[in-house]
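Chemist: One predicted model, sequence on top.
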Amino acid sequence: KAGVTQTPRYLIKTRGQQVTLSCSPISGHRSVSWYQQTPGQGLQFLFEYFSETQRNKGNFPGRFSGRQFSNSRSEMNVSTLELGDSALYLCASSLFRAPNEKLFFGSGTQLSVL
Amino acid sequence: GNSVTQMEGPVTLSEEAFLTINCTYTATGYPSLFWYVQYPGEGLQLLLKATKADDKGSNKGFEATYRKETTSFHLEKGSVQVSDSAVYFCALSLDSNYQLIWGAGTKLIIKP
């Protein structure tokens, strides 16, 4: 069974641009969540989707948005990029939506904003 | 607010040494607790979890016990191997809010 797939693996953008990251969950998994990982702030929750609906959102500005499609694939978008958005963006999927559910993580998309 | 505090790294040990990585938490309600591990060049993987007080999670020789009285979930292993070198993250999630709240991570280096 294929794992969580994130594309692209690396991205380089300049300030002010926008970017879209993609995540394909494990087949059959309906919950997808996104995390930002930086050396300074560590891992921080961005948002969670289940059945095409955003169920939960972290403390990030409105420039960060996402969506989930009917096949459970998810995208996240960051508009008007800032230098501080440089980070590893991780996607995780799970079979069900529950607080003690095991999450399966992708390898991430490394975003560099110049 | 809800938070997780881990001991700072890096932690450097010799092979076959005993490992403890401390993790304490602050949470409203009754969280589920997790240890995730990130091996070099790989994605995060769940190592073990515990969902209620006094539960012990275990996997690959690692153990952690959910201690409500001390709000702790320390990770232990009796004899570490070089292959255990990785970054270890303690995390919690709440019934009211399914997001994971993470500790800062502890880098573990095992020398042969």
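Modeler: The structure has been received and is ready for your questions.
Chemist: Can you name the residues of chain B that neighbour chain A?
Modeler: Residues of chain B lying close to chain A (CB under 8 Å from any CB of the partner chain) are B:31-32, B:42-46, B:49, B:51, B:89, B:91, B:93-95, B:97-105. For glycine as for every other residue, the C-beta is placed from the backbone atoms N, C-alpha and C.
Chemist: and the nearest residue to A:Lys102 once chain neighbours are set aside, bridged to which residues?
Modeler: Nearest non-adjacent residue to A:Lys102, counting by CB to CB, 6 or more residues apart in numbering or on different chains: B:Leu46, 4.9 Å away. On the basis of DSSP bridges, B:Leu46 is bridged to B:Tyr36.
Chemist: Need the pLDDT of B:Leu46.
Modeler: Looking at B:Leu46, its pLDDT is 95.
Chemist: picking that back up, which among the residues of chain B next to chain A count as buried?
Modeler: Listed as buried from the residues of chain B next to chain A are B:31-32, B:43-46, B:49, B:51, B:89, B:91, B:93-94, B:97-105; burial here means 16 or more other CB atoms under 10 Å in any protein chain shown.
Chemist: Give me the subset of these lying in helices.
Modeler: Among those, no member is found in helices (DSSP state H).
Chemist: Among those, name the ones in strands.
Modeler: Among these, DSSP state E puts B:32, B:44-46, B:49, B:89, B:91, B:93-94, B:97-102 in strands.
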